[in-house]
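Colleague: Sequence first, then the predicted structure, then my questions.
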Amino acid sequence: MMDHVLYAADLAGHCNELTAWRIIKQVSGQLMSHSTMPVSPFNIKINEDGSFALVENAEAVVDTFMAPEATKAAPTEAGQVWSLAASVFYAVMGCQVMNGRGGRAQHAASKVPYMRSELPQLSELVQKCLNYQPGQRPTMLEVNQTAAAQLQRCEDLVRRGPKLRQNSVSRNMSVPSGDNCQFWPEAFVLMLLFFSLGFTTMAQTSGDNELQRLISVVCSMRQSDEQSREKAWNAAAHILENDKQWTIMDEVTPHPNECRITDRSLQWFALNRMLSRQMGYEVNQVRGDFNNGEDPDFNYSLIERSVKANATVSYELKSREGEQIFVVIPYDAQAASLETALYRGDTLLAQGIRHDDGNIYLIADRDSHVVMNDVLKLVITNKSSANTAIVIINHNTRIK
């Protein structure tokens, strides 16, 4: 149960492509029969089942989400189309259109904002809907039909899993700037402390500097108070921004026993937000056109997932070769309720070993003879009565 009402605004900067299409389809369908209701991310409610619905909310009338031609009179369909697009832009990008000033700052010569090249269909529709001229925007029916088709495409891709891109995205891309990219010296001291600890009791990983770096970055974000957590997050973002040895383990398919991003009872590392923001990738399962842990250019990959209380999740991983090291890092370092295992088919390759830092290590050494066409299954069971967020790190040696 949600402890209070959540809106699309709560997803700002966290919304993936599949969720964006779901918002557009469900809200546009509702707007076709509610032509007078204002639209902003503050009145697009997130229901208990994860669906979205437009609701009456006195605080939702935010002028920065109003179309440039809008007045205090009842909104037009074209104005609602503009507002819906501006709301989705905010949910995905974490910022408002027109440099935060919204429709009131838009004029005929304004450049229409574009979200991301990695989201071509979504970005194209949002651009069309944000056209300054009301008559040149798509109708609400056209918006709904486009969203329905794209949502089906995304859901099909989720079921199939993403394809490995033929030509890797260049790592020499520009990194988005912003307040959350600032470096915090205090948290960097915390990072150095983790590095000095070394994790040397795990002999198989003690000489793996990159793996230790990634573990240290994640562990540093285990902070109890909000201010310390924010500082640690910014320091971690700074380090990952300058580390080009890793990529996102986004080939894992979401499991039904995972928690929702909106679960306020759960403390998240917010790592996926960082991966998306720092590396310029949208972390979701609906495109196969960007780097992931299957990419031969990268031996290290990581991602944040979650496990519901008293539940088990499993992830299938392909394109692994040679020695495999997996590290499962729970947000609560004291949590002793996680059990992990790595399988190839029905063969158990490794059982998780808990370390003093609260992390769980699984190692399938070279004698396991993992080859590229193997499908490995990582199984994680949460035996506690509380949901838990976890980060999974993999060192895929790619050595036979």
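Modeller: That came through, no problem.

Colleague: So for the residue nearest to Glu258 when sequence neighbours are not counted, what's the pLDDT?
Modeller: Nearest non-adjacent residue to Glu258, counting by Cβ to Cβ, 6 or more residues apart in numbering: Ser306, 4.9 Å away. For every residue, glycine as well, the C-beta is placed using N, CA and C. With respect to pLDDT, Ser306 scores 93.

Colleague: I figured Asp374 hits Tyr343, correct?
Modeller: No - between Asp374 and Tyr343 there is no contact under Cβ atoms under 8 Å: 10.3 Å.

Colleague: how would you label the closest residue to Gln133 other than its chain neighbours: helix, strand or coil?
Modeller: Nearest non-adjacent residue to Gln133, counting by Cβ to Cβ, 6+ apart: Ala108, 7.7 Å away. Following DSSP: H, G, I helix; E, B strand; the rest coil, Ala108 is assigned to coil.

Colleague: The one 3 residues further on too?
Modeller: Of the three states, Lys111 takes coil according to three-state DSSP.

Colleague: Burial check on it, number of neighbours?
Modeller: Lys111: 7 surrounding residues under other Cβ atoms under 10 Å.

Colleague: just the helices in the stretch 201-350 of the chain please.
Modeller: 209-219, 226-241, 271-279 (DSSP state H, counting those that start in this stretch).

Colleague: and the first one, how far from the chain's centre?
Modeller: Going back to what we said before, that points to helix 209-219. Put simply, helix 209-219 sits 20 Å off its chain's centre (Cα atoms, centre = their mean, to the nearest Å).

Colleague: how about it as PDB, C-alpha atoms only?
Modeller: What follows is helix 209-219, C-alpha atoms only, in PDB (Å, rounded to 0.1, in the frame of the first residue of the first chain):
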ATOM      1  CA  ASN A 209      40.900  -2.800  -8.700                       C
ATOM      2  CA  GLU A 210      38.000  -1.900 -10.900                       C
ATOM      3  CA  LEU A 211      35.600  -4.200  -9.100                       C
ATOM      4  CA  GLN A 212      36.700  -2.800  -5.800                       C
ATOM      5  CA  ARG A 213      36.100   0.700  -7.100                       C
ATOM      6  CA  LEU A 214      32.600  -0.100  -8.200                       C
ATOM      7  CA  ILE A 215      31.800  -1.800  -4.900                       C
ATOM      8  CA  SER A 216      33.200   1.200  -3.000                       C
ATOM      9  CA  VAL A 217      31.100   3.700  -5.000                       C
ATOM     10  CA  VAL A 218      27.900   1.800  -4.300                       C
ATOM     11  CA  CYS A 219      28.600   1.100  -0.600                       C
END
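
Colleague: now for that helix, which elements pack on it?
Modeller: Applying 3 or more Cβ pairs under 8 Å, 6 or more residues apart in numbering; DSSP states H and E, one finds that helix 209-219 contacts helix 185-197, helix 226-241, strand 300-307, strand 324-330, strand 388-396.

Colleague: Now do that helix against strand 388-396, angle only.
Modeller: Here the directions of helix 209-219 and strand 388-396 differ by 170 degrees (axes from the mean of the first three to the mean of the last three Cα atoms, to 10 degrees).

Colleague: on that earlier part again, look up how far Ala53 lies from the residue nearest to Glu258.
Modeller: Going from Ser306 to Ala53 by Cβ to Cβ, to the nearest Å gives 24 Å.

Colleague: now Met372
Modeller: Met372 is 46 Å from Ala53, by Cβ to Cβ.

Colleague: Same check on Leu11?
Modeller: Leu11 is 14 Å from Ala53, by Cβ to Cβ.

Colleague: Please apply the same query to Met93.
Modeller: Met93 sits 22 Å away from Ala53 when distances are taken as Cβ to Cβ.

Colleague: So those two - more neighbours on which side?
Modeller: With neighbours defined as other Cβ under 10 Å, Met93 and Ala53 compare such that Met93 has more, 19 against 12.

Colleague: Could you check how far the more buried one is from Met115?
Modeller: 6 Å.

Colleague: Which parts of this protein belong to which domain?
Modeller: Under the assignment automatic domain parsing, the domains of the chain span 6-160, 187-396.

Colleague: And those domains, which one averages the lowest pLDDT?
Modeller: Among those, domain 187-396 scores lowest, with a mean of 81.

Colleague: and it, how far from the chain's centre?
Modeller: Chain-centre distance of domain 187-396: 14 Å, with Cα atoms, centre = their mean.

Colleague: hmm, back to that, and the residue nearest to Glu258, what does it touch?
Modeller: Going by Cβ atoms under 8 Å, 6 or more residues apart in numbering, Ser306 touches 258-259, 263, 266, 268, 387-390.
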